[in-house]
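A.B. asks: generate a structure from the sequence data that follows.
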Amino acid sequence: MINALESATGIIGNSQITIDELAEFAALRSIPMPANVVAWICGYGSGRPVAGKVLDRPYFVTVGTIEARKDHLKLLRVWQRLVRTMGQEAPILVIVGQPGWEADEAIAILGNLGDLKAKVLHFEDCGDEELAAWIAGACALLMPSVAEGFGLPIVEALNYGTPTIASELPVYREVVNDIPTYLPPGDEVAWELTISSFAEGGPERERQLRRLADYRSPSWESHFAIVDGWLAGF
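C.D. replies: Just a heads-up that it's a prediction; the model follows:
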């Protein structure tokens, strides 16, 4: 970030939260903040219908590199409890993402699933179309992160008509307002109860489905309209 601040003529932020945090980082180090603009980004296949995957049990999907801030470990602990209490009736967790850093415990569990073997599916590599199908068929996208700069999977999920359960983070409020169901990142019991409710339908999932009828995702056209207009001012 220091290199960007000291060398960039301008910075394009994917969210206002990102720009605000970068400006705070710069101020703490007495580095001038370059000119900047916020232009939301767009996910894959915006506006095109997608046929969702179908499994023999309701399933949930989470997307992202397996690293500390994404907090896959929380979901794996939740699924361990769901399997203990529900057995074969437990929903399925689909994890899409490659191993990253500072997530040794989560990666170790994925390497030796034990009782979770039939209830947790992990894909390190997944093409755009296959990923879209996993998201489109899910009961909900799960976003348990403790920190994010944008949260592109949420935009993609809502675009495909899939509800989302997400950590209460300001950037999500900025980008998708109050459509998702927000939970405290550290409250595993709340995550377990909410996931169980969504697997059975549940009123909160129905609320999201009603809101999704009017959702319009960001577009690359709007992104570049902002960026091109901003660049013209240099």
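
A.B. asks: which helix runs longest in the chain?
C.D. replies: For the chain, the helix that runs over the most residues, judged by DSSP state H, is helix 72-86.

A.B. asks: ok now whatever helix or strand comes next after that one, how far from the chain's centre?
C.D. replies: On the C-terminal side of helix 72-86, the nearest following helix or strand under DSSP states H and E is strand 92-96. Strand 92-96 sits 13 Å away from the centroid of its parent chain (C-alpha atoms, centre = their mean, to the nearest Å).

A.B. asks: ok, strand 92-96: who's next to it in the sheet?
C.D. replies: According to DSSP bridges, strand 92-96 has the following sheet partners: strand 59-63 (parallel), strand 120-123 (parallel).

A.B. asks: chain center to the first one, what's the gap?
C.D. replies: If I follow you right, that is strand 59-63. For strand 59-63, the distance between its averaged C-alpha position and the chain's averaged C-alpha position is 10 Å (C-alpha atoms, centre = their mean).

A.B. asks: hmm, who's touching it?
C.D. replies: Taking C-beta atoms under 8 Å, 6 or more residues apart in numbering as the criterion, the residues outside strand 59-63 that touch it are 53, 70, 72, 75, 91-97, 121, 131, 134-135, 137-144, 153, 165, 195, 198-199. Bear in mind the C-beta positions are built from the backbone N, C-alpha and C, glycine included.

A.B. asks: then that strand to CSV, C-alphas only?
C.D. replies: Provided in CSV are the C-alpha atoms of strand 59-63 (Å, rounded to 0.1, in the frame of the first residue of the first chain):
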residue,chain,number,x,y,z
TYR,A,59,-26.5,-27.0,0.1
PHE,A,60,-24.8,-23.7,0.9
VAL,A,61,-21.7,-22.3,-0.9
THR,A,62,-18.8,-20.1,0.2
VAL,A,63,-16.3,-18.7,-2.3
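
A.B. asks: got the domain ranges for this protein?
C.D. replies: Taking automatic domain parsing as the reference, the chain has its domains at 2-42+218-231, 59-212.

A.B. asks: need the winner for burial among those domains.
C.D. replies: domain 59-212 (a mean of 18; mean count of other C-beta atoms under 10 Å).

A.B. asks: end to end, how far does that one reach?
C.D. replies: End-to-end distance for domain 59-212, by C-alpha to C-alpha, to the nearest Å: 19 Å.

A.B. asks: how far does the longest helix of the chain sit from the chain's center?
C.D. replies: Its chain's average C-alpha position is 19 Å from that of helix 72-86, according to C-alpha atoms, centre = their mean.

A.B. asks: quick one: the residue of the chain most remote from its centre and Glu156, what's the gap?
C.D. replies: Taking C-alpha atoms, centre = their mean as the measure, the residue most remote from the mean C-alpha position of the chain is Phe234, 34.0 Å away. Per C-beta to C-beta, to the nearest Å, Phe234 is found 32 Å from Glu156.

A.B. asks: on that earlier part again, can I get the strands paired with strand 92-96 in CSV including mean pLDDT and distance to Thr9?
C.D. replies: Formatted as CSV, the entries for the strands paired with strand 92-96 read as follows, by pLDDT from 0 to 100; distance: least, C-beta to C-beta, whole Å:
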stretch, mean pLDDT, distance to Thr9
strand 59-63, 98, 33
strand 120-123, 97, 40
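
A.B. asks: pull the contacting residues for Trp191.
C.D. replies: Taking C-beta under 8 Å, 6+ apart, we find Trp191 in contact with Lys74, Leu75, Val78, Pro144, Ile165, Leu183.

A.B. asks: so the longest helix of the chain versus strand 59-63, what angle?
C.D. replies: 170 degrees (axes from the mean of the first three to the mean of the last three C-alpha atoms, to 10 degrees).
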